[in-house]
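Visitor: I'd like to go over a predicted model; first the sequence, then the structure.
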2 protein chains.
Amino acid sequence: MIVEQTPVLIALDWGTSSLRAFLVAADGAVLERRAAQRGILNVPDGDFAATFAEFVGPWRAQHPALPAITSGMIGSRQGWREVPYVEAPAGLDALARGLALVEGGQFSIVPGVMLRAGASPPDVMRGEETQIFGSLAACAPDEAGVFILPGTHSKWALVEAGRIVWFATFMTGEVYGVLKAHSILGRQMEGEADDADSFRRGASHAFDQSATLGGLLHKLFSTRTLGLFGALPARGTAAYLSGLLIGSELDEALPAITAWLGRPPSRVGVIGEESLARRYVEALSMHAIEAVPAAADAVALGLLRIARAAHLVKD
Amino acid sequence: MIVEQTPVLIALDWGTSSLRAFLVAADGAVLERRAAQRGILNVPDGDFAATFAEFVGPWRAQHPALPAITSGMIGSRQGWREVPYVEAPAGLDALARGLALVEGGQFSIVPGVMLRAGASPPDVMRGEETQIFGSLAACAPDEAGVFILPGTHSKWALVEAGRIVWFATFMTGEVYGVLKAHSILGRQMEGEADDADSFRRGASHAFDQSATLGGLLHKLFSTRTLGLFGALPARGTAAYLSGLLIGSELDEALPAITAWLGRPPSRVGVIGEESLARRYVEALSMHAIEAVPAAADAVALGLLRIARAAHLVKD
């Protein structure tokens, strides 16, 4: 017997390049979904209301009283409405209190999170906080853990007692993208970054602290010289650069995480698109760190948890 | 009374994007010059011989027996003829022995230099070796010193007893260029990298080792967050990024130089285009290192010294 579940929430993950919408049941199950390349930079004429109506209208017609909530760059200065960041440490309660109601209560936008750390420039996230709270149950049952959210601007976050206590951004994905598309390194590449052996060589070179020259600006040039001397095949060059950059990200992030925890992490949750997440899992394994992949729809569960904390959805 | 000097050499600096040609006297003085955006990637139809004839023809017509010599990427795989690298340590004699005669002795191409350093990928230069030998007299009279050649692929080199004994490449200029033109950091920039205060802030942030997050992939993101919080003016963003990258280059290179010398360098020769060289002088001053700018035409003197070592020009 199939029991038809009742939706309790319309949940939107509205980022820079894409928009994903979910019809969510009380247990977090996704009943229906819509997705398109309608991120905030790709909304026709910047008409967010029209895109919202197109995506949410049919569900609202069927379920008129259903609350809607959205997270991501839609709440940034370039989005529909700028929603102030809440400061870390931040849990579900803080995110619920920071929700912004838009257009006469039609839907709510989740705030981003800001971290002030001493004299350093502040760090920010928008959308990743929701993915983290959606992944806690699967990746860190005791509401504590380390998370990586690979991407254009990769995030590392530390959760303790159900609150994001620390995080940091790394421009890994964007640096890879612009070097591949526009630099001399890209001109010698053939194919994509799927050569596992070259990826591991790049990551190993990033990890190598034995040389007196340990920095990225110098190590990047090895992508060129190895190709020049026939020591790296053209079809492995993209993977080598990817390994070098992801390896460098691990090298930067792990000491900070270790300082926080008082020991190196043994397990890390990886939240993101599968082919990219796989590369992080590989690089983490070279540090003997176990990676726990998060569910692809973690963001829908995160939005449901925030909506519950804000009493938009009854327990 | 004006004594007209007799030319002894036609000297060409033929790089990736530009070509500079000099008519050189016995004391290294430049008697005439021609320059154009005719680097090896901009030669019409890849017809190097035609461009050579156009630049050198009039001088050869006046001085039929004059030897000609060229350095730079013209000797690379993408150039007129690939000339094998000589291995560091390399002095004038090694460069003279490595000269390649082209087109029936019409002119010679200076080889590049390669450095093999343990298990690290090899490093290479083409053209910078000639600039260094042209700058030794002015910057390092005892034929020993540290040199920086800022640019797309910035080089640091160490000269001892008239030989290049060590060098390293940093992709600083290219990373700056692609991030400015193609990344989210560039989208928030207004104007060029000439805001001195923002440059110093970027360099200071690069030098700051107090944070647990010392790496470049993370620090790059401060360019965005400082702008986001109104802590960096849009007209200072390019200078901040430039300071961050040049500062990071210093942070990578100085420990290696210090390890070689057994002490931090107190003086460094800076060879390159003036506005860029000025930024390195500024960043070096923040480390209390004196910078000695090289003459713009140093390459002509370098080519003359190599031609003499090869007996193309009589002493």
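Guide: Looks like it arrived, so ask away.

Visitor: what number of residues lie near A:Arg77?
Guide: Per other C-beta atoms under 10 Å in any protein chain shown, the neighbour tally for A:Arg77 reads 9. In short, each C-beta sits where N, CA and C put it, glycine included.

Visitor: same check on the one 5 residues further on?
Guide: Applying other C-beta under 10 Å, we find 14 other residues in the vicinity of A:Glu82.

Visitor: just checking, it touches A:Gly75?
Guide: Yes. The criterion here is C-beta atoms under 8 Å, and A:Glu82 meets it with A:Gly75 at 6.8 Å.

Visitor: hmm, the helix or strand harbouring A:Phe147 touching chain B?
Guide: Taking DSSP states H and E as the definition, A:Phe147 sits inside strand A:145-149. No. Under the criterion of C-beta under 8 Å from any C-beta of the partner chain, strand A:145-149 makes no contact with chain B; the nearest approach is 13.0 Å.

Visitor: packing partners for the following helix or strand past that strand?
Guide: Reading on from strand A:145-149 to the C-terminus, the next helix or strand found by DSSP H and E is strand A:154-160. Contacting strand A:154-160 under the criterion 3 or more C-beta pairs under 8 Å, 6 or more residues apart in numbering or on different chains; DSSP states H and E are the following elements: helix A:128-139, strand A:145-149, strand A:163-170, helix A:237-261.

Visitor: with only the CA atoms kept, save strand A:154-160 in CSV.
Guide: Coordinates of each C-alpha in strand A:154-160 appear next as CSV, following Å, rounded to 0.1, in the frame of the first residue of the first chain:
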residue,chain,number,x,y,z
SER,A,154,35.1,26.1,-1.0
LYS,A,155,34.1,26.2,2.7
TRP,A,156,35.4,24.3,5.7
ALA,A,157,33.2,24.5,8.8
LEU,A,158,33.4,23.2,12.3
VAL,A,159,30.1,22.4,14.2
GLU,A,160,30.0,21.9,18.0
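
Visitor: quick one: strands adjacent to that strand?
Guide: strand A:145-149 (antiparallel), strand A:163-170 (antiparallel) (DSSP bridges).

Visitor: so what touches the last one?
Guide: Strand A:163-170 is contacted from outside by A:88-91, A:94, A:113, A:115, A:117, A:123-125, A:128-129, A:132, A:153-159, A:249, A:252-253, A:256, A:260, B:213, B:215, B:217-218, B:221, using C-beta atoms under 8 Å, 6 or more residues apart in numbering or on different chains.

Visitor: the same query, at a cut-off of 7 Å, please.
Guide: A:88-91, A:113, A:115, A:123, A:125, A:129, A:132, A:153-159, A:249, A:252-253, A:256, A:260, B:213, B:217-218, B:221 (C-beta atoms under 7 Å, 6 or more residues apart in numbering or on different chains).

Visitor: tell me how far it is from the chain's mean position?
Guide: Strand A:163-170 sits 12 Å away from the centroid of its parent chain (C-alpha atoms, centre = their mean, to the nearest Å).

Visitor: what is the mean pLDDT for it?
Guide: Mean per-residue pLDDT for strand A:163-170: 96.

Visitor: how distant is the following helix or strand past that strand from the center of its chain?
Guide: Where DSSP H and E defines the elements, the next helix or strand beyond strand A:163-170 is helix A:172-182. With C-alpha atoms, centre = their mean as the basis, helix A:172-182 stands 17 Å off its chain's centre.

Visitor: returning to that earlier point: the helices and strands packed on strand A:154-160: lowest mean pLDDT?
Guide: helix A:128-139 (a mean of 91).

Visitor: quick one, it and strand A:145-149 angle?
Guide: 130 degrees (axes from the mean of the first three to the mean of the last three C-alpha atoms, to 10 degrees).

Visitor: my guess is A:Val281 meets A:Ile289, correct?
Guide: No. Between A:Val281 and A:Ile289 there is no contact under C-beta atoms under 7 Å: 9.3 Å.

Visitor: near chain B, which residues of chain A?
Guide: Proximity of chain A to chain B, by C-beta under 7 Å from any C-beta of the partner chain, involves residues A:120-124, A:153, A:168-172, A:174-175, A:178-179, A:181-184, A:211-213, A:215-218, A:220-222, A:225-226, A:228-229, A:248-249, A:251-252, A:255-256, A:259.

Visitor: and those, which are buried?
Guide: A:120-124, A:153, A:168-172, A:174-175, A:178-179, A:182-184, A:211-213, A:215-218, A:220-222, A:225-226, A:228, A:248-249, A:251-252, A:256 (16 or more other C-beta atoms under 10 Å in any protein chain shown).

Visitor: and stretch A:61-76, how far apart are its ends?
Guide: 28 Å (C-alpha to C-alpha, to the nearest Å).

Visitor: and that stretch, how far from the chain's centre?
Guide: 20 Å.

Visitor: stretch A:215-233 now?
Guide: The answer for stretch A:215-233 is 29 Å, by C-alpha atoms, centre = their mean.

Visitor: and that stretch, C-alpha only, in PDB?
Guide: In PDB, the C-alpha atoms belonging to stretch A:215-233 read as follows (Å, rounded to 0.1, in the frame of the first residue of the first chain):
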ATOM      1  CA  GLY A 215      54.100  28.000  -1.600                       C
ATOM      2  CA  LEU A 216      51.400  27.900  -4.300                       C
ATOM      3  CA  LEU A 217      52.600  30.600  -6.600                       C
ATOM      4  CA  HIS A 218      55.800  28.600  -7.200                       C
ATOM      5  CA  LYS A 219      54.200  25.200  -7.200                       C
ATOM      6  CA  LEU A 220      51.700  26.200  -9.800                       C
ATOM      7  CA  PHE A 221      54.500  26.500 -12.300                       C
ATOM      8  CA  SER A 222      55.300  22.800 -12.000                       C
ATOM      9  CA  THR A 223      52.200  22.200 -14.000                       C
ATOM     10  CA  ARG A 224      54.000  23.900 -16.900                       C
ATOM     11  CA  THR A 225      57.500  22.500 -16.400                       C
ATOM     12  CA  LEU A 226      56.400  18.900 -16.000                       C
ATOM     13  CA  GLY A 227      54.500  19.300 -19.300                       C
ATOM     14  CA  LEU A 228      57.500  20.900 -21.000                       C
ATOM     15  CA  PHE A 229      59.700  18.000 -20.100                       C
ATOM     16  CA  GLY A 230      57.200  15.400 -21.100                       C
ATOM     17  CA  ALA A 231      56.800  14.300 -17.500                       C
ATOM     18  CA  LEU A 232      53.000  14.900 -17.400                       C
ATOM     19  CA  PRO A 233      50.700  13.900 -20.300                       C
END
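
Visitor: leaving out chain neighbours, which residue sits closest to whichever residue of the stretch 1-150 of chain A sits closest to chain B?
Guide: Ranked by C-beta to the nearest C-beta, the top residue of the stretch 1-150 of chain A for proximity to chain B is A:Pro121, at 4.0 Å. Computed as C-beta to C-beta, 6 or more residues apart in numbering or on different chains, the closest residue to A:Pro121 that is not its neighbour in sequence is B:Ser222, at 4.0 Å.
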